[in-house]
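Trainee: below is the structure, and that's it, no one-letter string:
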Ligand code: SF4
Ligand code: SF4
Ligand code: SF4
């Protein structure tokens, strides 16, 4: 079908929303509560547009297009309505961008810039500091929260953990956890999905605060080293050190989701305690050895035990941190070479 946005014709398919068609063709419409992972909530009303023939402004995130629809995203009426929403959000908290981790990649900042909102339009006094620092890895700054609800939807729908929710009503509404507990004392599993989906600087990874601006990092796509699921990660690297990890939204199998280990457990890479060579224990003490020496020793011991006691005297347990191909090779070694079926995987139960 054909629709018109700001008098220009665009192709669209049935079932698409105005926002989806606009984004597909590079037409910017501000959004705050909408995210493709959790769908349209039509809560914030930042995405309103005019649709010819309709008296009221329509929320573009949940209004389906129809053939010949005429949409206006840049009229004075639309811009004023959007400016009102964004100004309210900006004045509701401490949106002092120069000290905010999210500056430069913040959806509220982008919307304010697009709508040409001036600083003096929204200064509303300083809000008292209001942090939830109870989580080991995540900081929630309530004064930067615009109550878009995306973290709640992500926790409920994407992670299906149901730790986060909106508590209280009206002016007193805020993000809460459990039955009045803090984030750290709730059933939050610290997966960080809520950080990833938060459009502003309200939820941040504690370890990444003050470490690097987004423009100073190089993103390196890799596979999580922790288990055989093989989640795809983007390492944010500055000066050859990892400063943050995010899930790769565009890649299977995780589509952005990570567990606490994959998202926050990267410090081990720099540990001085990491083994750099194989160690062989002699007379109760470890000594460094070459890979050839260590592998020859292990192979020789397997041969001795099997020769003396038979193939079923040995058993193997493959590690869940290994990739599936390694586990497959290990069972081939035990079944095909050692001639035993004593092979298992630590994650099987
Ligand atoms: S959340 Fe966005 S708008 Fe608010 S201070 Fe941070 S960068 Fe600025
Ligand atoms: S870290 Fe994960 S479990 Fe905890 S509130 Fe955020 S999305 Fe929910
Ligand atoms: S913490 Fe972030 S995602 Fe959650 S409601 Fe506030 S602004 Fe939205």
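Mentor: Ah, there it is. This one's a predicted model, so the numbers in the text were calculated from it and none came from an experiment. Ligands and ions are numbered 1, 2, ... in the order given.
Trainee: okay, and the residue in the chain sticking out farthest from the centre sits in which element?
Mentor: Largest separation from the mean C-alpha position in the chain: residue 308, at 53.1 Å (Cα atoms, centre = their mean). Using DSSP states H and E, residue 308 sits within helix 291-309.
Trainee: in that helix, what's buried?
Mentor: Buried residues in helix 291-309, counted by 16 or more other Cβ atoms under 10 Å: 302, 306. Bear in mind the C-beta positions are built from the backbone N, C-alpha and C, glycine included.
Trainee: what's the following helix or strand after that helix?
Mentor: Using DSSP H and E, the first helix or strand after helix 291-309 is strand 316-318.
Trainee: which secondary structure elements does the first helix or strand past that next one going along the chain sit against?
Mentor: Per DSSP H and E, the first helix or strand lying C-terminal to strand 316-318 is helix 324-332. In terms of contacts (3 or more Cβ pairs under 8 Å, 6 or more residues apart in numbering; DSSP states H and E), helix 324-332 is packed against strand 316-318, strand 343-345.
Trainee: burial of the residue nearest to residue 38 when sequence neighbours are not counted, as a residue count?
Mentor: The shortest distance from residue 38 to any non-neighbouring residue, by Cβ to Cβ, 6 or more residues apart in numbering, is to residue 153 (3.8 Å). Counted with other Cβ atoms under 10 Å, the neighbours of residue 153 add up to 20.
Trainee: wait, isn't residue 153 in contact with residue 34?
Mentor: No: here residue 153 lies out of contact with residue 34, judged by Cβ atoms under 8 Å, at a distance of 10.3 Å.
Trainee: between those two, which contacts overlap?
Mentor: Jointly contacting residue 153 and residue 34 under the rule Cβ atoms under 8 Å, 6 or more residues apart in numbering are residue 41.
Trainee: near ligand 2, which residues of the stretch 1-150 of the chain?
Mentor: Within the stretch 1-150 of the chain, the positions lying close to ligand 2 (Cβ under 6 Å from any ligand atom) are residue 138.
Trainee: the same query, at a cut-off of 8 Å, please.
Mentor: Applying Cβ under 8 Å from any ligand atom, one finds that the stretch 1-150 of the chain approaches ligand 2 through 135, 138.
Trainee: repeat for the stretch 151-300 of the chain
Mentor: Proximity of the stretch 151-300 of the chain to ligand 2, by Cβ under 8 Å from any ligand atom, involves residues 151, 154-155, 158-159, 161-164, 177, 183, 186-195, 203, 260.
Trainee: is residue 71 in a helix, a strand, or coil?
Mentor: Per DSSP: H, G, I helix; E, B strand; the rest coil, the secondary structure class of residue 71 is strand.
Trainee: please disregard the earlier target; I meant residue 87.
Mentor: Classification of residue 87 by three-state DSSP places it in helix.
Trainee: how close does it get to ligand 2?
Mentor: Separation of residue 87 from ligand 2 (Cβ to the nearest ligand atom, to the nearest Å) stands at 28 Å.
Trainee: so what's residue 97 up against?
Mentor: Contacts of residue 97 (Cβ under 8 Å, 6+ apart): 103, 106, 109.
Trainee: got it, and residue 327?
Mentor: Contact analysis of residue 327 by Cβ under 8 Å, 6+ apart lists 228, 318, 319, 345.
Trainee: could you rerun that using 10 Å?
Mentor: Going by Cβ atoms under 10 Å, 6 or more residues apart in numbering, residue 327 touches 228, 316, 318, 319, 320, 343, 345, 346, 347.
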